[in-house]
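> Sharing a model prediction with you, sequence too.
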Amino acid sequence: MFKMRIPFKRQIRYIKIYLYLSKSAKEEILFKNEKPIFDIVSIAFNNEIVIKYQISLLKKYLTDNFIYTVIDNSSNSDKQQKIREVCINHKVNYIKPPKNPFQDELGSGSHGTALNWAFKHFIKPRHPKYFGFIDHDIFPISKTSILSNLSNSEIYGKVDTRGNKWYLWPGFCFFSFQFLLGKKIDFMPEKGVDTGGKIWNSIYYKFDKNLIPNLSVKCEQLQPGENMATDCYETMGDWIHTINASECISAPHKNELVTNLLNKYL
(Lines give C-alpha, C1' and ligand atoms only; values in the text may rest on other atoms or scores of the structure.)
Protein backbone atom coordinates (compact mmCIF):
# COMPACT_ATOMS: atom_id res chain seq x y z
CA MET A 1 0.00 0.00 0.00
CA PHE A 2 1.41 3.39 -1.04
CA LYS A 3 1.94 5.92 1.76
CA MET A 4 2.70 9.56 1.00
CA ARG A 5 5.86 10.70 2.78
CA ILE A 6 5.59 14.08 4.50
CA PRO A 7 8.70 16.22 3.79
CA PHE A 8 11.03 16.56 6.77
CA LYS A 9 10.70 20.36 6.99
CA ARG A 10 6.92 20.06 7.09
CA GLN A 11 7.17 17.40 9.81
CA ILE A 12 9.27 19.79 11.91
CA ARG A 13 6.70 22.52 11.33
CA TYR A 14 3.86 20.26 12.50
CA ILE A 15 5.83 19.31 15.62
CA LYS A 16 6.50 22.98 16.44
CA ILE A 17 2.81 23.81 16.11
CA TYR A 18 1.77 20.82 18.22
CA LEU A 19 4.21 21.69 21.02
CA TYR A 20 3.18 25.35 20.97
CA LEU A 21 -0.54 24.57 21.12
CA SER A 22 0.01 22.16 24.01
CA LYS A 23 1.50 24.88 26.24
CA SER A 24 -0.40 27.16 28.63
CA ALA A 25 -0.03 30.92 28.82
CA LYS A 26 3.19 32.39 30.17
CA GLU A 27 1.12 35.04 31.97
CA GLU A 28 -2.54 35.84 32.50
CA ILE A 29 -3.89 39.06 34.03
CA LEU A 30 -7.66 38.81 34.04
CA PHE A 31 -9.73 41.72 35.32
CA LYS A 32 -12.96 40.32 33.84
CA ASN A 33 -13.31 36.56 33.97
CA GLU A 34 -17.06 36.02 34.28
CA LYS A 35 -18.87 33.85 31.72
CA PRO A 36 -19.19 36.14 28.71
CA ILE A 37 -21.91 36.72 26.18
CA PHE A 38 -19.44 38.20 23.72
CA ASP A 39 -15.65 37.88 23.80
CA ILE A 40 -13.47 40.10 21.62
CA VAL A 41 -9.83 39.09 21.35
CA SER A 42 -7.21 41.43 19.90
CA ILE A 43 -3.94 39.86 18.75
CA ALA A 44 -1.27 42.42 19.66
CA PHE A 45 2.13 42.62 18.00
CA ASN A 46 4.88 45.08 18.92
CA ASN A 47 2.73 48.22 19.06
CA GLU A 48 1.33 49.55 22.34
CA ILE A 49 0.02 52.77 20.75
CA VAL A 50 -2.69 51.09 18.68
CA ILE A 51 -3.78 48.94 21.64
CA LYS A 52 -4.28 52.08 23.74
CA TYR A 53 -6.47 53.65 21.05
CA GLN A 54 -8.34 50.41 20.44
CA ILE A 55 -9.30 50.17 24.12
CA SER A 56 -10.59 53.75 24.19
CA LEU A 57 -12.51 53.59 20.93
CA LEU A 58 -14.13 50.24 21.69
CA LYS A 59 -15.36 51.62 25.00
CA LYS A 60 -16.70 54.74 23.30
CA TYR A 61 -18.39 53.29 20.23
CA LEU A 62 -19.15 49.57 20.55
CA THR A 63 -22.63 49.32 22.06
CA ASP A 64 -22.59 45.55 22.65
CA ASN A 65 -21.99 44.00 26.06
CA PHE A 66 -18.51 42.60 25.48
CA ILE A 67 -15.33 41.50 27.25
CA TYR A 68 -12.13 42.61 25.54
CA THR A 69 -8.89 40.67 25.93
CA VAL A 70 -5.45 41.33 24.49
CA ILE A 71 -3.43 38.26 23.54
CA ASP A 72 0.09 39.49 23.04
CA ASN A 73 1.95 37.83 20.18
CA SER A 74 4.80 40.38 20.35
CA SER A 75 8.34 39.36 19.49
CA ASN A 76 9.92 42.47 21.06
CA SER A 77 10.18 42.22 24.87
CA ASP A 78 10.19 46.02 25.39
CA LYS A 79 7.03 46.40 23.33
CA GLN A 80 5.49 43.45 25.15
CA GLN A 81 6.08 45.16 28.49
CA LYS A 82 4.52 48.41 27.23
CA ILE A 83 1.43 46.57 25.95
CA ARG A 84 1.15 44.80 29.29
CA GLU A 85 1.31 48.16 31.12
CA VAL A 86 -1.37 49.67 28.86
CA CYS A 87 -3.69 46.75 29.63
CA ILE A 88 -3.08 46.94 33.39
CA ASN A 89 -3.62 50.71 33.43
CA HIS A 90 -6.94 50.31 31.60
CA LYS A 91 -7.94 47.18 33.56
CA VAL A 92 -8.09 45.13 30.38
CA ASN A 93 -7.47 41.36 30.27
CA TYR A 94 -3.92 40.59 29.17
CA ILE A 95 -2.53 37.19 28.17
CA LYS A 96 0.98 36.33 27.02
CA PRO A 97 1.04 32.99 25.17
CA PRO A 98 4.17 30.84 25.00
CA LYS A 99 6.85 31.95 22.54
CA ASN A 100 5.49 31.63 19.03
CA PRO A 101 7.61 29.16 17.01
CA PHE A 102 7.12 31.28 13.89
CA GLN A 103 7.61 34.76 15.33
CA ASP A 104 10.69 35.30 13.15
CA GLU A 105 8.68 34.60 9.99
CA LEU A 106 6.63 37.17 8.12
CA GLY A 107 3.11 37.60 9.52
CA SER A 108 0.84 34.81 8.36
CA GLY A 109 2.33 31.75 10.09
CA SER A 110 2.89 33.57 13.37
CA HIS A 111 -0.57 35.16 13.27
CA GLY A 112 -2.37 31.93 12.40
CA THR A 113 -0.60 30.01 15.15
CA ALA A 114 -1.46 32.71 17.72
CA LEU A 115 -5.11 32.61 16.66
CA ASN A 116 -5.21 28.83 17.01
CA TRP A 117 -3.67 29.08 20.49
CA ALA A 118 -6.18 31.75 21.50
CA PHE A 119 -9.11 29.68 20.27
CA LYS A 120 -7.94 26.52 22.06
CA HIS A 121 -6.75 27.99 25.35
CA PHE A 122 -9.00 31.02 25.80
CA ILE A 123 -12.18 30.93 23.71
CA LYS A 124 -13.10 27.23 23.96
CA PRO A 125 -12.83 26.98 27.78
CA ARG A 126 -14.93 30.15 28.21
CA HIS A 127 -17.65 28.97 25.80
CA PRO A 128 -18.98 32.46 25.01
CA LYS A 129 -22.24 32.81 23.13
CA TYR A 130 -20.39 34.91 20.55
CA PHE A 131 -16.74 35.75 19.97
CA GLY A 132 -14.49 37.49 17.52
CA PHE A 133 -10.89 38.20 16.63
CA ILE A 134 -9.67 41.64 15.63
CA ASP A 135 -6.29 42.95 14.56
CA HIS A 136 -4.67 45.50 16.84
CA ASP A 137 -5.13 48.25 14.22
CA ILE A 138 -8.93 47.98 13.87
CA PHE A 139 -11.03 50.74 15.47
CA PRO A 140 -14.73 51.68 15.59
CA ILE A 141 -15.26 55.36 14.77
CA SER A 142 -19.02 55.70 15.32
CA LYS A 143 -21.67 53.93 17.37
CA THR A 144 -21.87 50.37 16.16
CA SER A 145 -22.91 46.82 17.06
CA ILE A 146 -21.43 43.48 16.06
CA LEU A 147 -24.14 41.38 17.70
CA SER A 148 -26.86 42.94 15.56
CA ASN A 149 -25.02 41.53 12.54
CA LEU A 150 -24.85 38.09 14.16
CA SER A 151 -28.58 38.00 14.85
CA ASN A 152 -29.37 36.61 11.38
CA SER A 153 -26.03 35.02 10.46
CA GLU A 154 -23.76 32.69 12.43
CA ILE A 155 -20.69 34.52 11.10
CA TYR A 156 -19.81 38.12 10.29
CA GLY A 157 -16.76 40.10 9.24
CA LYS A 158 -14.64 41.23 6.32
CA VAL A 159 -14.80 38.74 3.46
CA ASP A 160 -11.59 38.04 1.53
CA THR A 161 -11.57 36.10 -1.74
CA ARG A 162 -8.63 34.21 -3.24
CA GLY A 163 -9.35 32.38 -6.44
CA ASN A 164 -12.51 30.30 -5.95
CA LYS A 165 -12.30 30.43 -2.14
CA TRP A 166 -13.64 33.06 0.24
CA TYR A 167 -13.12 33.40 3.98
CA LEU A 168 -13.39 35.87 6.82
CA TRP A 169 -10.23 37.90 7.26
CA PRO A 170 -9.11 37.04 10.82
CA GLY A 171 -8.39 40.69 11.61
CA PHE A 172 -12.16 41.26 11.71
CA CYS A 173 -14.12 38.03 12.11
CA PHE A 174 -16.98 37.13 14.44
CA PHE A 175 -18.80 33.88 15.15
CA SER A 176 -21.59 32.21 17.05
CA PHE A 177 -19.66 29.77 19.22
CA GLN A 178 -22.43 27.17 18.98
CA PHE A 179 -22.11 27.21 15.19
CA LEU A 180 -18.46 26.13 15.41
CA LEU A 181 -18.96 23.22 17.80
CA GLY A 182 -17.79 19.95 16.26
CA LYS A 183 -16.06 21.71 13.35
CA LYS A 184 -12.33 21.83 12.73
CA ILE A 185 -11.04 25.37 13.29
CA ASP A 186 -7.58 26.11 11.93
CA PHE A 187 -6.57 29.70 11.20
CA MET A 188 -3.27 28.80 9.56
CA PRO A 189 -2.68 29.86 5.95
CA GLU A 190 -2.26 27.30 3.22
CA LYS A 191 -1.47 27.30 -0.47
CA GLY A 192 -3.65 29.85 -2.27
CA VAL A 193 -5.11 31.52 0.83
CA ASP A 194 -3.81 33.72 3.64
CA THR A 195 -4.38 33.47 7.40
CA GLY A 196 -7.89 32.21 8.11
CA GLY A 197 -8.38 30.76 4.65
CA LYS A 198 -7.93 27.16 5.75
CA ILE A 199 -11.33 27.32 7.47
CA TRP A 200 -12.81 27.25 3.96
CA ASN A 201 -12.30 23.48 4.11
CA SER A 202 -14.43 22.97 7.23
CA ILE A 203 -17.01 25.79 7.25
CA TYR A 204 -17.01 28.40 4.52
CA TYR A 205 -17.29 26.11 1.48
CA LYS A 206 -20.82 25.11 2.47
CA PHE A 207 -21.93 28.43 3.99
CA ASP A 208 -24.08 30.80 1.92
CA LYS A 209 -21.95 33.95 1.70
CA ASN A 210 -25.05 35.98 0.86
CA LEU A 211 -26.26 35.49 4.44
CA ILE A 212 -23.36 37.55 5.80
CA PRO A 213 -24.40 41.20 6.33
CA ASN A 214 -22.66 43.47 3.86
CA LEU A 215 -19.57 45.34 5.04
CA SER A 216 -18.57 48.21 2.78
CA VAL A 217 -14.75 48.44 2.47
CA LYS A 218 -12.99 51.42 0.93
CA CYS A 219 -9.36 52.54 0.72
CA GLU A 220 -8.60 56.06 1.96
CA GLN A 221 -5.43 58.14 1.77
CA LEU A 222 -3.39 58.64 4.95
CA GLN A 223 -0.61 60.47 3.13
CA PRO A 224 0.36 60.96 -0.53
CA GLY A 225 1.53 57.73 -2.12
CA GLU A 226 0.33 54.43 -3.52
CA ASN A 227 1.76 51.97 -1.01
CA MET A 228 -1.17 50.34 0.81
CA ALA A 229 0.94 49.51 3.87
CA THR A 230 2.44 52.96 4.42
CA ASP A 231 0.13 55.48 2.76
CA CYS A 232 -3.43 54.22 3.16
CA TYR A 233 -6.08 53.01 5.56
CA GLU A 234 -9.38 51.22 5.05
CA THR A 235 -12.87 52.21 6.08
CA MET A 236 -14.96 49.16 6.93
CA GLY A 237 -18.50 50.24 7.69
CA ASP A 238 -18.32 51.92 11.13
CA TRP A 239 -14.70 50.85 11.57
CA ILE A 240 -11.30 51.77 10.20
CA HIS A 241 -8.26 49.58 9.63
CA THR A 242 -5.05 51.59 9.68
CA ILE A 243 -2.93 48.72 8.25
CA ASN A 244 0.65 47.64 8.96
CA ALA A 245 0.76 48.52 12.68
CA SER A 246 3.23 45.65 13.08
CA GLU A 247 5.49 47.36 10.51
CA CYS A 248 6.06 44.23 8.44
CA ILE A 249 6.89 46.92 5.89
CA SER A 250 8.96 49.78 7.34
CA ALA A 251 6.85 52.90 7.92
CA PRO A 252 8.79 55.30 10.20
CA HIS A 253 6.07 57.97 10.48
CA LYS A 254 3.01 55.72 10.38
CA ASN A 255 2.25 55.81 14.12
CA GLU A 256 2.20 59.62 14.07
CA LEU A 257 -0.16 59.70 11.10
CA VAL A 258 -2.43 57.09 12.68
CA THR A 259 -2.44 58.96 15.99
CA ASN A 260 -3.49 62.19 14.24
CA LEU A 261 -6.29 60.31 12.47
CA LEU A 262 -7.60 58.52 15.56
CA ASN A 263 -7.51 61.60 17.77
CA LYS A 264 -10.42 62.97 15.72
CA TYR A 265 -12.66 60.17 17.06
CA LEU A 266 -11.78 60.19 20.76
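Yes, it's here.

> so residue 239 makes contact with residue 172?
Yes: taking C-beta atoms under 8 Å as the definition, residue 239 is a contact partner of residue 172 at 7.1 Å. The way it works is simple: take the backbone N, C-alpha and C, and place the C-beta from them, glycine included.

> Which neighbours do these two have in common?
In terms of C-beta atoms under 8 Å, 6 or more residues apart in numbering, residue 239 and residue 172 are both contacted by the residues residue 138.

> what about residue 230, is that helix, strand or coil?
Classification of residue 230 using DSSP: H, G, I helix; E, B strand; the rest coil returns helix.

> I misspoke; the intended subject was residue 51.
Assigned with three-state DSSP, residue 51 falls in the helix class.

> Go ahead and confirm it touches residue 137.
No: counting by C-beta under 8 Å, residue 137 is not a contact partner of residue 51; they are 9.4 Å apart.

> Quick check: buried residues in stretch 110-128?
By neighbour count on 16 or more other C-beta atoms under 10 Å, the buried set for stretch 110-128 is 110-119, 121-123, 126, 128.

> Strands of this protein, start to end?
In the chain, the strands defined using DSSP state E lie at 27-29, 38-44, 67-72, 93-96, 130-135, 138-140, 155-162, 165-176, 217-221, 232-236, 239-241.

> counting contacts, what elements does the third one pack onto?
Helices and strands touching strand 67-72, as assessed by 3 or more C-beta pairs under 8 Å, 6 or more residues apart in numbering; DSSP states H and E, comprise strand 38-44, helix 48-61, helix 77-89, strand 93-96, helix 108-118.

> do the fourth one as well
If contacts are counted by 3+ C-beta pairs under 8 Å, 6+ apart, strand 93-96 sits against strand 27-29, strand 67-72, helix 77-89.

> Listing partners with orientation, what would you give for it?
Paired neighbours of strand 93-96 in the sheet (DSSP bridges): strand 27-29 (antiparallel), strand 67-72 (parallel).

> Next up, the contacts around residue 53.
Here residue 53 is in contact with 139, 258, 259, 262, 266 (C-beta under 8 Å, 6+ apart).

> Phi first, then psi, for residue 35.
The phi/psi pair for residue 35 (degrees, to the nearest 10) reads phi -60, psi 120.

> what sits against the residue lying closest to it once chain neighbours are set aside?
Distances taken as C-beta to C-beta, 6 or more residues apart in numbering place residue 126 nearest to residue 35, at 7.0 Å, with adjacent residues excluded. Residue 126 makes contact with 35, 36, 39, according to C-beta under 8 Å, 6+ apart.

> Separate out the buried members of these.
36, 39.

> so who does the closest residue to residue 74 other than its chain neighbours touch?
Nearest in space to residue 74, with sequence neighbours left out and distances taken as C-beta to C-beta, 6+ apart, is residue 80 at 4.2 Å. Residues in contact with residue 80 (C-beta under 8 Å, 6+ apart) are 46, 72, 74, 96.
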